[in-house]
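Novice: Structure for the following, please:
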Amino acid sequence: MSANRDAAKLPGQIKYIIGNEGCERFSFYGMRNILVQFLITSTLLQHILENAERELVAKDIMHTFMIGVYFFPLLGGWLSDRFFGKFKTIMWFSLIYCAGHACLALFEDNRAGFFTGLALIALGAGGIKPLVATFVGDQFTKANEHLAKVVFDAFYWIINFGSLFASLLMPLFLKQYGPSVAFGIPGLLMFIATVVLWLGRKQYVMVPPAPNTDPDTFGKIIKTALFRKVDGKSSMGLYLAGLSVVGSVAILAWVAMQLAQGSVAGVVIALCLIIVLLIGGVGGGAYMQLDRARGIHSDVSIEGARNVLRLLVAFALTTPFYSLFDQKASTWVIQGKDMLKPEWFSAAQMQALNPALVMILIPFNNMVLFPFLRKRGYNVNALGRMTWGIAFSGLSWIVIGLIQLQMDGGNPMSIVWQVLPYALLTFGEVLVSATGLEFAYSQAPASMKGVVMSFWNLTTTIGNLWVLIMNQMVRNDSVTATIEQTGMSSIAFQMFFFAGFALVAALAFGWYAKRYQVVNNYREASL
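Specialist: Numbering: from 1, shown residues only. As a prediction, this is how the structure comes out:
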């Protein structure tokens, strides 16, 4: 009877989490969407005299910041899953988040203070990022998981509601009242977000962290799979993992040498490559030998670990999408600065199109497009929607590249032309991000939901890594000479490169999706 009641209603405590997310997203996008614009014109980068190089450095800072935001979910997920649980972890990281915003507002002309603020926001925003979505999922069971799918869409909708008003208002506040106010308002919203979450503390379902005594944790299964010897079988998986560790140590030694010489060039790229190398080598090696864990760990846990490793491959194939998506706050804003537009309008405000379209497309897809397709026999599952989403992102970059070619040819272009690529990119985002958020939660074993969602967020870190690598490449004389031979500018070439990158990734993701076995890891309903 209780299960039937659970299936019929939405958990009342959801309103606090949704309210928290709306304020937090206003806070985050409010500061992020004006970051490149602020850096290009601020005193922080005025020592760089050439405008094109200053724009590249501003892009590097923004994408490095985004790498941090989507790296620290690993820390937040681990602390939540192993020690404090989701609610306490979210609250502590939220306070760090608020302190970061305060630094941005107070130290607009101080490099050390401002970049400390960015670091604190990356830590705070990253720390809570994998947890709020999983905290939503924890409020549901298998009896009402059909409502969870609706709430995850609503969750993504409120993210974009906050982002919409942040994108519209913060560029205006930056222009009219200066950076202290423009960065201070998002800080106030983050404080409100923290208070709203705290208000629902007595109503939440609190899933406790997994005990350290659990013999079947993901890490222990991976360790057994790699190091357990089996007579008559080679240890190719262990060798692969070992090579990735050796390669990581070599890269780390290079980083140490760079820092000892006072150089930070390429350090962030190198550290991110270590993450890629370790996840690929250790994960791939363990997958090759996972059956060696049988007899030591339960079959259910081994299959859970196998599913996580297979899930990481799907995650990896979405990283090109995020390399395209996050550049709407950098590359597209820089393009917009040189387009025709009203004097009162800022190129950064075009980003408001993205959340506005998301708020339209989510209900349109759920109530019109998907039912229409199902009636005609096309039932596109989650992985199928994500495949198409990656492809649409590639199409958006073909369009933005064509616009750039016209501008490079001396043809003035209105900023209104950016509406089409924004629409294509946003349609892709809804199919990838909104779908992937719920899909990642549903595929994660109960004891690893925080960590799996951290890996989902890590896809954005790796996506921004590809952007940093490309930015570094176009600083190379031989690369720029090769690009010049194509007759295109460096920025147009990059646009078409990223378009091709996404389209190839869509083909690979579609191929993998057909071979992926979907599971259901929602909690059982209470009886």
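
Novice: So what does Arg294 have for phi and psi?
Specialist: For Arg294, the backbone dihedrals are phi -70, psi 140 (criterion: degrees, to the nearest 10).

Novice: do you know how far it is from Ala225?
Specialist: 10 Å (C-beta to C-beta, to the nearest Å). (Each C-beta comes from the backbone N, C-alpha and C, glycine too.)

Novice: higher neighbour count, those two?
Specialist: Shown here are Arg294 and Ala225; by other C-beta atoms under 10 Å, Ala225 has more neighbours (27 against 13).

Novice: and the more buried one, that's in a strand?
Specialist: No. The assignment for Ala225 is helix, going by DSSP: H, G, I helix; E, B strand; the rest coil, so no strand is present there.

Novice: what pLDDT does it get?
Specialist: The score at Ala225 is 93. That number is its pLDDT.

Novice: In this structure it contacts Ala286, no?
Specialist: Yes. In this structure Ala225 lies within contact range of Ala286 using C-beta atoms under 8 Å: 4.6 Å.

Novice: can you list residues touching both of these two?
Specialist: The contact sets of Ala225 and Ala286 overlap at 237, 305 (C-beta atoms under 8 Å, 6 or more residues apart in numbering).

Novice: Could you say which helix or strand holds the closest residue to Leu106 other than its chain neighbours?
Specialist: Closest residue to Leu106 apart from its sequence neighbours, by C-beta to C-beta, 6 or more residues apart in numbering: Gly113 at 6.6 Å. For Gly113, the host element (DSSP states H and E) is helix 111-138.

Novice: Okay, buried residues for stretch 190-203 please.
Specialist: By 16 or more other C-beta atoms under 10 Å, the buried positions in stretch 190-203 come out as 190-194, 196-197, 200.

Novice: oh, I was asking about stretch 302-322
Specialist: 302, 304-322.

Novice: Then stretch 335-352?
Specialist: Neighbour-count burial for stretch 335-352 [16+ other C-beta under 10 Å]: 335-336, 339, 341, 346-352.

Novice: mind checking the end-to-end distance for that stretch?
Specialist: Chord length of stretch 335-352, first to last residue, is 16 Å (C-alpha to C-alpha, to the nearest Å).

Novice: cool, and stretch 74-89?
Specialist: End residues of stretch 74-89 are separated by 12 Å (C-alpha to C-alpha).

Novice: so how far is Ala125 from the most centrally placed residue in the chain?
Specialist: For the chain, the residue sitting closest to the mean C-alpha position, by C-alpha atoms, centre = their mean, is Thr460 at 3.6 Å. Thr460 sits 11 Å away from Ala125, going by C-beta to C-beta.

Novice: Now list whatever residues contact both of those two.
Specialist: Residues touching both Thr460 and Ala125 (C-beta under 8 Å, 6+ apart): Val69.

Novice: The top helix by length along the chain to helix 111-138, inter-axis angle?
Specialist: Longest helix of the chain, by residue count under DSSP state H: helix 145-177. Helix 145-177 runs at 160 degrees relative to helix 111-138, counting by axes from the mean of the first three to the mean of the last three C-alpha atoms, to 10 degrees.

Novice: so where's the stretch 251-400 of the chain uncertain?
Specialist: Residue ranges of the stretch 251-400 of the chain with pLDDT under 70: 265.

Novice: Where do the helices of it begin and end?
Specialist: Listed in chain order, the helices of the stretch 251-400 of the chain (DSSP state H, counting those that start in this stretch) span 267-288, 299-325, 331-337, 353-364, 370-375, 382-408.

Novice: among those helices, which is nearest Phe83?
Specialist: helix 299-325 (20.3 Å; C-beta to C-beta).

Novice: so what does that closest one touch, helix or strand wise?
Specialist: Here helix 299-325 touches helix 218-227, helix 267-288, helix 382-408, helix 419-429, helix 435-443, helix 449-473, helix 490-513, going by 3 or more C-beta pairs under 8 Å, 6 or more residues apart in numbering; DSSP states H and E.

Novice: Of all those helices, which one is nearest Ser244?
Specialist: Closest approach to Ser244 among those (C-beta to C-beta): helix 267-288, 2.1 Å.

Novice: Return the set of buried residues in that closest one.
Specialist: Buried residues in helix 267-288, counted by 16+ other C-beta under 10 Å: 268-269, 271-277, 279-288.

Novice: So what does Arg376 look like in phi/psi?
Specialist: Dihedral angles (degrees, to the nearest 10) for Arg376: phi -100, psi 20.

Novice: For Gly85, see how far away it is.
Specialist: From Arg376 to Gly85 the distance is 45 Å (C-beta to C-beta).

Novice: Could you do Ser234 as well?
Specialist: Taken as C-beta to C-beta, the span from Ser234 to Gly85 is 42 Å.

Novice: who has more neighbours, these two?
Specialist: Neighbours were counted for Ser234 and for Gly85 using other C-beta under 10 Å; Gly85 has more, 20 against 10.

Novice: Which residue, other than its chain neighbours, is closest to that one?
Specialist: Nearest non-adjacent residue to Gly85, counting by C-beta to C-beta, 6+ apart: Pro209, 5.2 Å away.

Novice: One more: Trp466?
Specialist: Nearest residue to Trp466 in three dimensions, chain neighbours excluded: Ser323, at 4.1 Å (C-beta to C-beta, 6+ apart).

Novice: Could you report the neighbour count for that neighbour?
Specialist: Close neighbours of Ser323, defined as other C-beta under 10 Å, add up to 26.

Novice: Mind listing what's buried along stretch 362-375?
Specialist: Applying a neighbour-count criterion of 16+ other C-beta under 10 Å, one finds 362, 365 buried in stretch 362-375.

Novice: got it, and stretch 469-487?
Specialist: 470-471, 483.

Novice: Report the secondary structure element holding the closest residue to Ser298 other than its chain neighbours.
Specialist: Of all residues beyond its chain neighbours, the one nearest Ser298 is Asp216 (5.4 Å), with distances taken as C-beta to C-beta, 6+ apart. Here Asp216 is covered by no helix or strand, with elements defined by DSSP H and E.

Novice: and Asp216, backbone torsions?
Specialist: Here Asp216 shows phi and psi, under degrees, to the nearest 10, equal to phi -120, psi 40.

Novice: doesn't His297 make contact with it?
Specialist: Yes. Assessed by C-beta under 8 Å, Asp216 is found in contact with His297 at 4.7 Å.

Novice: Give me the pLDDT value at Val451.
Specialist: Val451 is assigned 67 on the pLDDT scale.

Novice: Angles on the backbone of the nearest residue to Phe135 once chain neighbours are set aside, please.
Specialist: Spatially, and ignoring its direct neighbours in sequence, Phe135 is nearest to Lys86 (4.6 Å; C-beta to C-beta, 6+ apart). Main-chain torsions, Lys86, degrees, to the nearest 10: phi -70, psi -50.

Novice: just use 211 as the starting number from now, easier for me
Specialist: With the count now opening at 211, the last piece we talked about shows up as Lys296.

Novice: what about Met617, neighbour count?
Specialist: When neighbours are counted by other C-beta under 10 Å, Met617 registers 17.

Novice: What's the separation between it and Lys547?
Specialist: 11 Å.

Novice: same deal with Ser473?
Specialist: Separation of Ser473 from Lys547 (C-beta to C-beta) stands at 30 Å.
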